[in-house]
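Peer 1: fold the following, please.
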Amino acid sequence: MTNLRERLEALPEPDPAAVDRMWVRFLTTQAQEPRRRRQRWITRGALALAAAALVTLWATAPESPRSETLTAQVLPENHRWSDQIQLETLGAGVISGTSRNATIDWESGTVHVEVEPNANTDVTVVTKEARVKVVGTKFDVRRDALGSTIMVQRGQVDVHCGDGWQGKLGIGEEHTCLPTTASELLGRASALEAEGQTQAIGPTLDRGLALAEGPVRGELLARRMRLRAGKGDVDGALADATAYLASPSGRDTEILRFAGWLSLEYKGCAEARPWLDKLHAKGSAQDTVLLAECLAATDPERARQMLIMAMPTLDGEWSARAAADLANLRKVLP
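Peer 2: Numbers count the residues shown, from 1 in each chain. Got it, this is the predicted structure:
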């Protein structure tokens with residue numbers, strides 16, 4: 001501190017010319033300041049405009065599409081595709097597209113979709129049986145053996161089914177788009193039977209038969225034959241048996257037996273004989289007993305020979321029945 005004071009005291013008197021020079025420099029600087037200030041503001045404005053342009057460009061640049069595989073087989077999983085589209089899945093599928101425009105290719109199970117209303121979104125769920133288009137809503141799509149079932153909790157969806165049905169579904173409504181192949185319709189019939197929905201089985205089998213060929217057609221005919229017989233439509237059941245045997249698919253003995261026994265029960269021996277005759281060469285001992293009983297009146301000797309051949313492989317009720325038939329034949333044979 002002392003040294004500084006001593007230095008200040010040792011300074012010479014101010015030079016008037018130096019003071020004048022400093023004053024002129026001050027006035028010049030003051031005159032130039034507005035121009036510098038304007039330049040700084042111009043520079044800052046240009047930088048701000050450039051930043052705003054970059055933000056606008058980023059916001060309006062096209063979003064690159066992306067995709068995500070959805071696989072949840074045990075417990076439901078939540079998927080936040082974007083702020084506008086959220087999913088809960090239990091099954092398998094793939095979602096692809098952008099944050100506001102997405103397509104869900106759904107293979108099996110249930111997908112629950114929530115789309116924010118009035119958010120300029122476009123979401124489509126596609127299954128093998130259905131195409132469901134939405135804008136802002138909450139809905140489920142379940143794909144299983146019965147087909148693709150759409151259930152709406154909020155808003156409205158536009159549905160196009162592969163089976164030909166199309167329409168709009170609103171809150172609380174649902175619709176099932178049916179399978180579009182014969183084999184899948186056969187699977188639907190099995191699922192309906194397991195669930196006890198018997199009224200829908202017949203139309204499902206009919207639809208499948210309109211598409212089917214080969215072994216699948218045979219299986220559909222066999223199913224419908226039994227269904228018709230259970231409803232008392234004996235002629236319809238026998239017609240299905242005839243159609244099956246025209247192109248047998250590996251179950252011809254079973255079909256012959258069913259048709260022969262059904263004819264015998266409801267139509268008598270005259271109608272049953274053609275079925276039982278075909279069955280005799282490949283059928284069981286029980287089938288032989290039934291044919292022998294039909295022959296007893298017209299060809300008792302042949303009937304007796306059949307019963308004798310069948311006896312060794314019969315037991316229980318059928319053995320007793322064959323023995324009684326033989327006893328009755330002895331009364332008419334010499």
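Peer 1: flag the shaky bits of the protein, pLDDT-wise.
Peer 2: 1-61 (pLDDT under 70).
Peer 1: mind listing the strands for it?
Peer 2: For the chain, the strands defined by DSSP state E occupy 66-80, 85-97, 101-115, 122-126, 130-134, 138-144, 147-154, 157-161, 166-169, 174-177.
Peer 1: give me the sheet partners of the third one and which way each runs.
Peer 2: Here the strand partners of strand 101-115, with direction, are listed using DSSP bridges: strand 85-97 (antiparallel), strand 122-126 (parallel), strand 138-144 (antiparallel).
Peer 1: list the contacts for the closest residue to Leu291 other than its chain neighbours?
Peer 2: Leaving aside its sequence neighbours, Leu291 sits nearest to Leu276 (C-beta to C-beta, 6 or more residues apart in numbering; 4.3 Å). No exception for glycine: its C-beta is placed from N, CA and C like everyone else's. Residues in contact with Leu276 (C-beta atoms under 8 Å, 6 or more residues apart in numbering) are Gly260, Leu264, Gly283, Asp287, Leu290, Leu291, Cys294.
Peer 1: tell me which of the strands of the chain sits nearest to Leu205.
Peer 2: strand 147-154 (14.6 Å; C-beta to C-beta).
Peer 1: so which bits of the closest one are buried?
Peer 2: Under the neighbour-count criterion of 16 or more other C-beta atoms under 10 Å, strand 147-154 has Gly147, Ser148, Thr149, Ile150, Met151, Val152 buried.
Peer 1: you'd agree the fifth one is up against Arg142?
Peer 2: Yes. With contact defined as C-beta atoms under 8 Å, Met151 and Arg142 form a contacting pair (7.4 Å).
Peer 1: ok so, going back, dump the buried residues of strand 147-154 to a markdown table, plus distance to Leu333.
Peer 2: Output for those, formatted as a markdown table (distance: C-beta to C-beta, whole Å):
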| residue | distance to Leu333 |
| --- | --- |
| Gly147 | 61 |
| Ser148 | 66 |
| Thr149 | 66 |
| Ile150 | 71 |
| Met151 | 71 |
| Val152 | 76 |
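Peer 1: just grab the bridge partners of the residue most central in space within the chain for me.
Peer 2: For the chain, the residue nearest the mean C-alpha position is Arg143 (2.5 Å; C-alpha atoms, centre = their mean). Note on Arg143: beta-bridge partners Gly109, Ser148, judged by DSSP bridges.
Peer 1: that one and Thr176, how far apart?
Peer 2: Between Arg143 and Thr176 the distance is 10 Å, computed by C-beta to C-beta, to the nearest Å.
Peer 1: between these two, what contacts are shared?
Peer 2: Both Arg143 and Thr176 are in contact with Thr149, where contact means C-beta under 8 Å, 6+ apart.
Peer 1: gap between Leu178 and Ala285?
Peer 2: Using C-beta to C-beta, we find Leu178 at a distance of 44 Å from Ala285.
Peer 1: the more surrounded of the two?
Peer 2: Between Leu178 and Ala285, Leu178 has the larger neighbour count (other C-beta atoms under 10 Å), namely 22 against 18.
Peer 1: pretty sure that one sits against Gly164.
Peer 2: No. Assessed by C-beta under 8 Å, Leu178 is found out of contact with Gly164, at 9.1 Å.
Peer 1: touching stretch 257-270 from outside, list them.
Peer 2: Applying C-beta under 8 Å, 6+ apart, the external contacts of stretch 257-270 come out as 225-226, 229, 234, 237-238, 241-242, 271-272, 275-276, 278-279, 283-284, 287, 290, 293-294.
Peer 1: same question for stretch 324-334.
Peer 2: For stretch 324-334, contacts defined as C-beta under 8 Å, 6+ apart pick out Val289, Ala292, Glu293, Ala296, Pro300, Glu301, Ala303, Arg304, Leu307, Ile308, Met311.
Peer 1: change it to 10 Å
Peer 2: 289, 292-293, 295-297, 300-301, 303-304, 306-308, 310-311 (C-beta atoms under 10 Å, 6 or more residues apart in numbering).
Peer 1: that one: which residues count as buried?
Peer 2: By neighbour count on 16+ other C-beta under 10 Å, the buried set for stretch 324-334 is Asp325, Leu326, Leu329.
Peer 1: now, which of those residues lie within helices?
Peer 2: By the criterion of DSSP state H, membership of those in helices covers Asp325, Leu326, Leu329.
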